[in-house]
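A.B. asks: All I have is the shape, not the residue letters:
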Ligand code: UDP
Ligand code: MN
């Protein structure tokens, strides 16, 4: 099992916060697989050192950028060009299987290892991994991967993961009936969109996130609060310890 790994990517210190929460949530789920973080040179040393406390492997890679600024400008997400950096995942040949997860995802408290094992033993792992990869947008990684795995979307529906493996934190409430039936089994929450959990201001006293009242993440803050709870309880102490360590050297 140690030749299998969850893999994420962070190209800057903000996304490292997400990666740390994801890594911590995977640990809490009791995973027996390795945790690997891909980072680029922009990540600061303190954040890199903290990543090394949570992940088994922290690997420095070059930025791969789609350079497709025209498409990305249309999407109003110019930063997504560098999401192609996740393609370095395919170079991790020390692992027989990798599941790539965005740094803005976390596994929920209801993730169980039994399901997870069954899931990883099926021959569908690559497709599952690709499903997690392919949430994104053209000009970013999705366009490229959809072209490469062009029959993926239509051939075998059995190879598609159920939506609870990639539950969007904002669109949940647009498919409420499905969420009511299956939402409590949520495996992976995905905070997709331009405002990430770490962009909010969190009040640790009231344990609530401040924000615009029309923001669906604020109207239904369950997942956002879950992210911030993990960050406050498991990650902040590591970051504070890192500061102390640096002052002492
Ligand atoms: N990413 C990164 N730095 C960036 C943008 C993206 O490291 O500036 C990585 C990170 O792992 C992120 C993934 O690429 O989760 C995909 O981007 P994002 O999650 O922002 O896209 P969305 O899910 O909102 O479409
Ligand atoms: Mn994402």
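C.D. replies: Structure's in. What do you need? Everything numeric here is computed off the predicted structure, so don't read it as measured data. Numbering: from 1, shown residues only. Ligands and ions are numbered 1, 2, ... in the order given.

A.B. asks: Give me the distance between residue 191 and residue 101.
C.D. replies: Note on residue 191: its distance to residue 101, by CB to CB, to the nearest Å, is 12 Å. The C-beta positions use only the backbone N, C-alpha and C, and glycine is treated the same way.

A.B. asks: Is residue 161 in a helix, a strand, or coil?
C.D. replies: Secondary structure for residue 161, judged by DSSP: H, G, I helix; E, B strand; the rest coil, is coil.

A.B. asks: What sits closest to the residue of the chain found nearest ligand 2 if chain neighbours are left out?
C.D. replies: Ligand 2 sits closest to residue 102 of the chain, with a gap of 3.4 Å, by CB to the ion. Take residue 102 and drop its neighbours on the chain: the residue closest to it by CB to CB, 6 or more residues apart in numbering is residue 190, 6.5 Å away.

A.B. asks: beta partners for that neighbour?
C.D. replies: Beta-bridge partners of residue 190, counted by DSSP bridges, are residue 105, residue 168.

A.B. asks: my read: residue 80 touches residue 72, true?
C.D. replies: Yes. Assessed by CB atoms under 8 Å, residue 80 is found in contact with residue 72 at 5.5 Å.

A.B. asks: do you know how far residue 235 is from residue 25?
C.D. replies: 10 Å.

A.B. asks: The two: who's more crowded?
C.D. replies: Just comparing residue 235 and residue 25: by other CB atoms under 10 Å the higher neighbour count belongs to residue 25, 23 against 20.

A.B. asks: can you count the residues close to the residue of the chain closest to ligand 2?
C.D. replies: When counting by other CB under 10 Å, one arrives at 24 neighbours for residue 102.

A.B. asks: Could you number the chain from 25 rather than 1 from now on?
C.D. replies: Will do, 25 is the new start, and the previous item becomes residue 126.

A.B. asks: In three-state terms, label it for me.
C.D. replies: Assigned state for residue 126: coil (three-state reduction, three-state DSSP).

A.B. asks: That one and residue 271: what is the separation?
C.D. replies: Look at residue 126 and residue 271: by CB to CB, they are 33 Å apart.

A.B. asks: ditto for residue 241
C.D. replies: Distance, residue 241 to residue 271, by CB to CB: 36 Å.

A.B. asks: So which residues of the chain form strands?
C.D. replies: Assigned by DSSP state E, the chain shows strands spanning 28-34, 58-63, 81-84, 121-124, 129-131, 191-192, 212-214, 225-227, 232-234.

A.B. asks: Show the average pLDDT along the longest one.
C.D. replies: The average pLDDT within strand 28-34 is 94.

A.B. asks: And for the fifth one?
C.D. replies: Looking at strand 129-131 alone, the average pLDDT works out to 92.

A.B. asks: buried stuff in it?
C.D. replies: Neighbour-count burial for strand 129-131, counted by 16 or more other CB atoms under 10 Å, picks out 129-131.

A.B. asks: Likewise for stretch 110-124?
C.D. replies: Buried-residue list, stretch 110-124, by 16+ other CB under 10 Å: 110-113, 116, 119, 121-124.

A.B. asks: Likewise for stretch 235-255?
C.D. replies: 235, 240-241, 245, 247-252, 254-255.

A.B. asks: just stretch 91-108 next, same as before
C.D. replies: The neighbour-count check on stretch 91-108 (16+ other CB under 10 Å) flags 92, 95-96, 101, 104-108 as buried.

A.B. asks: That one: end-to-end distance?
C.D. replies: Start-to-end span of stretch 91-108 (CA to CA, to the nearest Å) is 10 Å.

A.B. asks: what about it, distance to the chain center?
C.D. replies: Put simply, stretch 91-108 sits 19 Å off its chain's centre (CA atoms, centre = their mean, to the nearest Å).
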